[in-house]
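K.L.:
next input, structure requested:
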Amino acid sequence: MSIYVGNLSYEVTQEDLTQAFTEYGTVKRVQLPTDRETGRLRGFAFVEMGAEAEETAAIEALDGAEWMGRDLKVNKAKPREERGSSGGGGWGNKGGASKRY
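P.N.:
A predicted model of the protein is given here:
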């Protein structure tokens, strides 16, 4: 069970999120993804709570609420999509040469 929390302030901490969500139940874990290049927060988080009823209460209370100067987007997290191993590069036209037919 996990909740997606979007449109977060870049100043938010795990402690801030834990405190906000504890109001609705037991917070098991908070993840704040960071950018690989810069190390900067990406503006969203995932919060795992103890029970589905707690998640529902948090989503209903916090979705659209203003927090730290931002209007939150809070909903059930969707399962992570599998990405192909191609990396998006493929065998494309890397050298800039045009195709001849």
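
K.L.:
OK, contacts around residue 17?
P.N.:
The contact partners of residue 17, taken as C-beta atoms under 8 Å, 6 or more residues apart in numbering, are 5, 27, 30, 32, 45, 47. Glycine gets a C-beta too; all of them are placed from N, C-alpha and C.

K.L.:
show me those residues that map onto strands.
P.N.:
Using DSSP state E, the subset of the contacts of residue 17 located in strands is 5, 27, 30, 45, 47.

K.L.:
just the helices in this structure please.
P.N.:
With DSSP state H as the criterion, the chain has helices at 14-22, 52-62.

K.L.:
in the shortest one, what counts as buried?
P.N.:
Meaning helix 14-22. Neighbour-count burial for helix 14-22, counted by 16 or more other C-beta atoms under 10 Å, picks out 16, 17, 20, 21.

K.L.:
between that helix and helix 52-62, how big is the angle?
P.N.:
Calculated by axes from the mean of the first three to the mean of the last three C-alpha atoms, to 10 degrees, helix 14-22 forms an angle of 100 degrees with helix 52-62.

K.L.:
average pLDDT across helix 14-22?
P.N.:
Averaged over helix 14-22, pLDDT sits at 97.

K.L.:
try the last one
P.N.:
Averaging the model's pLDDT scores along helix 52-62 yields 97.

K.L.:
and it, how far out from the chain's middle?
P.N.:
Relative to the chain's own centre, helix 52-62 is displaced by 17 Å; criterion: C-alpha atoms, centre = their mean, to the nearest Å.

K.L.:
tell me what that helix is packed against?
P.N.:
The elements that helix 52-62 packs onto, with contact taken as 3 or more C-beta pairs under 8 Å, 6 or more residues apart in numbering; DSSP states H and E, are strand 3-6, helix 14-22, strand 44-49, strand 73-76.
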